[in-house]
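J.: Quick one, what's the 3D model for this:
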Amino acid sequence: MPPKNKSDTSGLEKLKKDLSAGKPGQLYIFYGEETYLRDHYLGRLREAVLTGGLGEFNRHDLSSRDMSPHALEEAVDCLPMMAERTLVEVTDFDLFKAGEKEEYVRILSSLPDYCCLVFLYDVLEYKPDARTRLAAAIKEHGTAVNFVRQSPRELADWVRRHFRAQGKDIDPRLCEELIFLCGDLMHNLQQEVGKIAAYAKGDHITRADIEAVATPQLSAVVFRIADAIGEKNFDRAAATLGELYQMQKTPYEIMGALGKQMRQLYSARLALASGKNAAWVSQLWGMRYPADRLMVSARRFSLPWCRNAVIRCARTDLAMKSTGQDAKELMTTLLLELANTA
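T.: The predicted model follows:
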């Protein structure tokens, strides 16, 4: 979902300014969905702090298993060897669930000038409690950096730059389709861009190049199933379902995605009936990309059909989880029924 408020990105802007000025701060919290950006800026922070002297020798890593106020204090108090600063990285330690919070408040409030301390939330989710003294200490002495998913324009520009770096160009519209197909996380897109650029023979990326080697995300393939149903093309819907099985997706995963797709179609059909536009649907579902595709697809279905499809998906999902019937057979029967009644 897009950033909810300015605070989601203000931390990143502060980090960029610190790095540009060559003066990293003393305390950072790194968290968020966009791990590619997080790793990129963590690398830049390491380069900025660990300059001269013995380099990596002045870096101290602590895992959640090793963490305690004593261990943290020992790490931050280590003097730099033949350099100006040290870097302490703490990975997946939940500060707000830890005991001895007052000790952590004391340490974070009195970090030595030569130390840069980073709390990295990778697997764990960062959930600060704004009512606590610990949150106040972090706000006063450090910067919480939320690496959010990029906006559509930023992401499209980034994808095109990566293609150009490999001597390729891609049409903006096709770039948007690639993001829709493969998702909007940069780490995954970087891999897809590399595969497609290596496969493409010409200077311009084509749709055939993308279809040949790109690995689609589940929601994009399920969207194809919905389109096939809208055309009453059961054979194509079944073939697309087979592709998902080849991708090692389980009937339960597919059912969950198909159920969500049908609920979105229903809401889009309701929007059309009440004169609302794609922007309304996009906001309703927190979609990061325009809901135009969804609105076009919804025009193929009647409102009663959409309502019934949502009900049938829910019933099939329940049957999969409670009756012991073969999940693949239930899925095939559902697709056949939806295609015949569309």
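J.: Alpha carbons of the helix or strand Asp8 falls within, as PDB, please.
T.: Assigned by DSSP states H and E, Asp8 falls within helix 7-21. The C-alpha atoms that make up helix 7-21 are tabulated as PDB, following Å, rounded to 0.1, in the frame of the first residue of the first chain:
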ATOM      1  CA  SER A   7       6.300  10.200   8.600                       C
ATOM      2  CA  ASP A   8       6.600   7.000   6.600                       C
ATOM      3  CA  THR A   9       9.100   8.700   4.200                       C
ATOM      4  CA  SER A  10      10.500  11.500   6.300                       C
ATOM      5  CA  GLY A  11      13.000   9.100   7.900                       C
ATOM      6  CA  LEU A  12      14.400   8.100   4.500                       C
ATOM      7  CA  GLU A  13      14.700  11.700   3.500                       C
ATOM      8  CA  LYS A  14      16.700  12.400   6.700                       C
ATOM      9  CA  LEU A  15      18.900   9.400   6.100                       C
ATOM     10  CA  LYS A  16      19.600  10.600   2.500                       C
ATOM     11  CA  LYS A  17      20.600  14.000   3.800                       C
ATOM     12  CA  ASP A  18      22.900  12.500   6.400                       C
ATOM     13  CA  LEU A  19      24.600  10.400   3.800                       C
ATOM     14  CA  SER A  20      24.900  13.200   1.300                       C
ATOM     15  CA  ALA A  21      26.500  15.400   4.000                       C
END
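J.: Which strands and helices lie in contact with that helix?
T.: Packing contacts for helix 7-21, counted by 3 or more Cβ pairs under 8 Å, 6 or more residues apart in numbering; DSSP states H and E, involve helix 35-49, strand 143-146. Heads up, the C-betas are built off the backbone N, CA and C, glycines and all.
J.: Can you report phi and psi for the nearest residue to Gln26 once chain neighbours are set aside?
T.: Nearest in space to Gln26, with sequence neighbours left out and distances taken as Cβ to Cβ, 6 or more residues apart in numbering, is Leu111 at 4.5 Å. Dihedral angles phi and psi of Leu111 (degrees, to the nearest 10) take the values phi -70, psi 140.
J.: Could you report the pLDDT at Leu111?
T.: According to the prediction, Leu111 has pLDDT 97.
J.: what's the answer for Ala339, then?
T.: Confidence score, pLDDT, at Ala339: 89.
J.: ok, how many other residues are close to it?
T.: 20 (other Cβ atoms under 10 Å).
J.: Leu62 against Ala75, yeah?
T.: Yes: contact criterion Cβ atoms under 8 Å: Leu62 and Ala75 qualify, at 6.0 Å.
J.: Pick out whichever of these two has more residues nearby.
T.: Set side by side, Leu62 and Ala75 show more neighbours around Ala75, with 22 against 19, by other Cβ under 10 Å.
J.: can you pull the contacts of the more buried one?
T.: By Cβ atoms under 8 Å, 6 or more residues apart in numbering, the contact set of Ala75 is His60, Leu62, Val88.
J.: Span of stretch 294-313 from start to end?
T.: 18 Å (Cα to Cα, to the nearest Å).
J.: What does the residue of the chain most remote from its centre show for phi and psi?
T.: Using Cα atoms, centre = their mean, the residue of the chain lying farthest from its centre is Met82. It sits 39.6 Å away. Main-chain dihedrals, Met82, degrees, to the nearest 10: phi 50, psi 40.
J.: re earlier: would you check that the residue nearest to Gln26 makes contact with Leu117?
T.: Yes: between Leu111 and Leu117 there is a contact at 6.0 Å, judged by Cβ under 8 Å.
J.: Quick one: neighbours of the nearest residue to Ser219 once chain neighbours are set aside, just the number.
T.: Spatial nearest neighbour of Ser219, chain neighbours left out: Ala257 (5.7 Å); criterion: Cβ to Cβ, 6+ apart. Counted with other Cβ under 10 Å, the neighbours of Ala257 add up to 20.
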